[in-house]
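Q: Structure for this input, please:
(2 chains)
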Amino acid sequence: MQKHESSSSTTHVTHKDSGWRLFLRTVIARAYPRLIGQQREPSWLIFEVVMPIGTTIAYVLVYKALRAPEEYIGFVVMGGAMTAFWMNVLWSMASQLYWEKETGNLALYIIAPNPKMAVLLGMALGGMAATSLRALIVILIGSLLFDVTYRVTDFMQLFAVFLLTMVALYGMGMMLASAFLLFGREAWNLVSLAQEPIFLVSGFFFPLKALPFWVGIIASIVPVTLGMDAMRQLVFPSAFPFGFLDVRTEIAVLAGLAVVFLVSAKWLLDYVERLAVREGRLTESRR
Amino acid sequence: MKRKGGLAMNRSALWRSFRLATWLGWQIESNWTDPFLFAIYSIIKPITGAAILVIMYGVITQGRFEDPMFPYLYLGNAFYIYVGSIMTGVSWAVIDDREHYRTLKYVYVAPIHIPLYLLGRGVARFLTGSIAVVITIAAGVLFLSVPLDFSAIQWGLFLPTLLFGVFMLTMMGLLLAGLTLIMARHEFIIGEVTASALYIFSGAAFPLEVLPPWLRPIGFAMPTTYWLELLRRSLVSDVAQAFPTLSILSNAQLLSILIGLGVLFAALGALIFWFCDRLARERGLIDITTHY
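A: Predicted coordinates:
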């Protein structure tokens, strides 16, 4: 909504965007604080990079102590970079509407005329772009520190895998954002619980194939699981024997997950919005 | 007589601060769900953390769990759970009370001892951490051939080392709590970042020799390095002494270094907390809300 005021008259002319214009403006408005606002606090960049790189360095050193083959160092560096995305989805997507409720902004979201899906999409796009920068720094530092070499076998497939992983992952985040809104104080604990167990079953720091097959299949519901496995196969040719599934199969599954999560996000968001209007209790903070 | 009464009242206030903070901390940590789910929640994170290392080890060594390297990294990693739990538990109380519940200002004007209140708030995570440590070690003994012989454990070394380490970590948590008092917005990760950095420099999961030579002195300056080494030696002496990092030092020498560094870090924690606490009061930071 844009408001123009004439200095020569007391008449107020009000412009109201609607339809796709409103959708687009909402997306940009919600992405802005994540893309631009976050960069205004350089110390955040240090903390957001230091944490994943700290874990990455520790696991690389464990592999070095065990005299592991070189490709494992690359696996860990890539896993460390993907950690940044998973943490962003957990803490800045899934639990975001819960934070908004705690800080009192959620009621404003609900009564505003902006499409809620656009709010979530803006959050996702802004978070994705900002986190890509952090993940890139983790990869650069990790690669320089431990002399990791990459040899991409198929750029098109790599691009497709990364894009589909991001769409599916942030689609999952959008869906969880609505789901977590239905929780109270336990939301914090649930998000916290989705860290180490997911790092384990998704093979963030070792090849997914090291786990029993059925664990890998169940873990594949988290898009980063298959995305990371495919990217490892495409970036480290010697990793093909460690691949969980064929790259093309993984691309197809990721595409399916992206559709399922985005549709589910829309459905859940509509449900939560209806609940908010009907019960009038959803926006209350339950500390 | 008057002096005696005053002292008794002070002791009573100190004990009350600690006791009520412990009860409050336990309620906050645990009453968001039923006890069964809380128990699962408390142990699943550290267990899966340990499982990541076990799988990494198993993949590379083809499952040679009887190798001395395995108990070295497994036990170090298990006891390291305390580092994260205790340090973060104490410092997190500041954020929880100041930013989330917005009650820190009331706590400050109440007749309680603030450092003891914060230490009490950290007890809940110490307890859940202890359960996680016990379960992790039990899983290692039962399923992964960690060679723990109860009759061979040096209890006289193990228990004092463990207790001193808990005290030392508590004081380091107080240090972080002090820093948290004067920090804004990003204070919520200070505990995790510190624990993550200490993990690299404490030789928890790998010998310090793996670090580049210029980084090793940092590891040797950390009391946690000696604490973990002594805990390993007291539980599985032959296995732990197989590693070159601290092999030239006897248990008595290690204990002396641990006590020296531990007291130094504890004093530093108390001093920094005192300084930051004064600064926070002067600047009116006790009741700020920055970024919850």
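Q: Just give me the neighbour total for residue A:159.
A: 12 (other C-beta atoms under 10 Å in any protein chain shown). (C-beta placed from N, C-alpha, C; glycine too.)
Q: per-residue confidence at it?
A: In this model, residue A:159 is scored at 96, pLDDT.
Q: Which of the helices or strands spans it?
A: Secondary structure from DSSP states H and E places residue A:159 in helix A:155-181.
Q: do that helix and chain B meet at all?
A: No. On the criterion C-beta under 8 Å from any C-beta of the partner chain, helix A:155-181 is out of touch with chain B, staying 13.7 Å away.
Q: which helices and strands does that helix pack with?
A: Here helix A:155-181 touches helix A:70-89, helix A:96-103, helix A:116-146, helix A:186-193, helix A:223-235, helix A:247-279, going by 3 or more C-beta pairs under 8 Å, 6 or more residues apart in numbering or on different chains; DSSP states H and E.
Q: Between helix A:223-235 and it, find me the angle.
A: Computed by axes from the mean of the first three to the mean of the last three C-alpha atoms, to 10 degrees, the angle separating helix A:155-181 from helix A:223-235 equals 170 degrees.
Q: Go through helix A:155-181 and flag the buried ones.
A: A:157-158, A:160-162, A:164-181 (16 or more other C-beta atoms under 10 Å in any protein chain shown).
Q: Write out the residues of chain B neighbouring chain A.
A: B:32-33, B:41, B:44-46, B:48-49, B:51-53, B:55-61, B:69, B:73, B:100-101, B:185-186, B:189, B:192-193, B:196-197, B:199-200, B:205-207, B:210-211, B:292.
Q: make it 7 Å
A: B:32-33, B:41, B:44-45, B:48-49, B:51-53, B:55-57, B:59-61, B:73, B:100-101, B:185-186, B:189, B:192-193, B:196-197, B:199-200, B:205-207, B:210-211, B:292 (C-beta under 7 Å from any C-beta of the partner chain).
Q: ok, of these, which come out buried?
A: Buried by 16+ other C-beta under 10 Å: B:32, B:41, B:44-45, B:48-49, B:51-53, B:55-57, B:59-61, B:73, B:100, B:186, B:192-193, B:196-197, B:199-200, B:205-207, B:210-211, out of the residues of chain B next to chain A.
Q: Inside helices: which ones of those residues?
A: Mapping those onto helices (DSSP state H) picks out B:41, B:44-45, B:48-49, B:51-53, B:55-57, B:59-61, B:73, B:192-193, B:196-197, B:199-200.
Q: for the chain, what are the low-confidence residue spans?
A: Went with chain A since none was named. Within chain A, the segments meeting pLDDT under 70 span A:1-14, A:38, A:41-48, A:184-186, A:281-287.
Q: if you could check chain B rather than the one you did, that'd help
A: B:1-9, B:185-188, B:240-242, B:291-292.
Q: Spell out for me which residue occupies the centre of it.
A: Central residue of chain B (C-alpha atoms, centre = their mean): residue B:83, 2.7 Å from the mean position.
Q: Next up, the contacts around that one.
A: For residue B:83, the contacting residues are B:169, B:195, B:198, B:224, by C-beta atoms under 7 Å, 6 or more residues apart in numbering or on different chains.
Q: That one: which element?
A: Going by DSSP H and E, residue B:83 is part of helix B:69-95.
Q: buried sites along stretch A:100-114?
A: Those would be A:100-102, A:106-107, A:109-110, A:114, for stretch A:100-114 by 16+ other C-beta under 10 Å.
Q: Find the pair from those residues with maximum spatial separation.
A: A:102 and A:114 (20.5 Å; C-beta to C-beta).
Q: tilt between the helix holding residue A:159 and helix A:70-89?
A: Using the same axes, to 10 degrees: helix A:155-181 against helix A:70-89 is 40 degrees.
Q: so how far is helix A:155-181 off the chain centroid?
A: Distance, stretch centre to chain centre, for helix A:155-181: 7 Å (C-alpha atoms, centre = their mean, to the nearest Å).
Q: now do stretch B:263-282
A: On C-alpha atoms, centre = their mean, the centre of stretch B:263-282 falls 18 Å from the chain's centre.
Q: Same question for stretch A:19-38.
A: 17 Å.
Q: quick one: buried residues of that stretch?
A: For stretch A:19-38, by 16+ other C-beta under 10 Å, it's A:22-23, A:25-27, A:30-31, A:34-35, A:38.
Q: In helices, which of these appear?
A: A:22-23, A:25-27, A:30-31, A:34-35.
Q: Get me the contact residues on the stretch 51-200 of chain A for chain B.
A: Residues of the stretch 51-200 of chain A lying near chain B (C-beta under 7 Å from any C-beta): A:51, A:54-55, A:57-59, A:61-66, A:68, A:102-103, A:185-186, A:189, A:193, A:196-197, A:199-200.
Q: One more pass at 8 Å, please.
A: A:51, A:54-55, A:57-59, A:61-68, A:72, A:99, A:102-103, A:184-186, A:189, A:192-193, A:195-197, A:199-200.
Q: shouldn't residue A:182 be in contact with residue A:276?
A: No. With contact defined as C-beta atoms under 8 Å, residue A:182 and residue A:276 do not form a contacting pair (10.5 Å).
Q: Which one's more surrounded, those two?
A: residue A:276 (19 against 14).
Q: Could you report the distance from that one to chain B?
A: Distance, residue A:276 to chain B, using C-beta to the nearest C-beta, to the nearest Å: 22 Å.
Q: Touching, residue B:235 and residue B:158? I think so.
A: Yes. Look at residue B:235 against residue B:158 with C-beta under 8 Å: they come within range, at 6.5 Å.
Q: Using neighbour counts, pick out the buried residues of stretch B:66-76.
A: B:69-76.
Q: Now tell me what touches that stretch from outside.
A: Contacting residues not belonging to stretch B:66-76 are listed as A:62, A:65-66, B:50, B:53-54, B:57, B:61, B:64, B:137, B:140, B:144-148, B:202-207, B:228, B:231-232, B:235-236, B:239-240, B:242-243 [C-beta atoms under 8 Å, 6 or more residues apart in numbering or on different chains].
Q: And for residue B:284, the neighbour number?
A: Neighbour number of residue B:284 under other C-beta under 10 Å is 9.
Q: got the phi/psi numbers for it?
A: With angles defined as degrees, to the nearest 10, residue B:284 sits at phi 70, psi 40.
Q: Quick one: residues contacting it.
A: So residue B:284 contacts nothing (C-beta under 8 Å, 6+ apart).
Q: what's the angle from the strand or helix carrying residue B:166 to helix B:69-95?
A: In this structure, residue B:166 sits in helix B:155-181 according to DSSP H and E. Going by the same axes, to 10 degrees, helix B:155-181 is angled at 40 degrees with respect to helix B:69-95.
Q: just checking, what packs against helix B:155-181?
A: Under the contact rule (3+ C-beta pairs under 8 Å, 6+ apart), helix B:155-181 is packed against helix B:69-95, helix B:114-143, helix B:190-201, helix B:223-235, helix B:251-283.
Q: Quick one: residues in contact with the shortest one.
A: By that I understand helix B:190-201. A:47, A:50-51, A:54-55, A:57-58, A:61, B:80, B:83-84, B:87-88, B:91-92, B:173, B:176, B:179-180, B:183, B:205, B:208, B:211, B:215, B:218-219, B:222, B:224-225.
Q: Of those residues, keep whichever come out buried.
A: By 16+ other C-beta under 10 Å, those give A:47, A:50-51, A:54-55, A:57-58, A:61, B:80, B:83-84, B:87-88, B:91-92, B:173, B:176, B:179-180, B:183, B:205, B:208, B:211, B:218-219, B:222, B:224-225 as buried.
Q: quick revisit: what about the contacts of residue B:83, which one has the most neighbours?
A: That'd be residue B:169 among the contacts of residue B:83, by other C-beta under 10 Å, with 30 neighbours.
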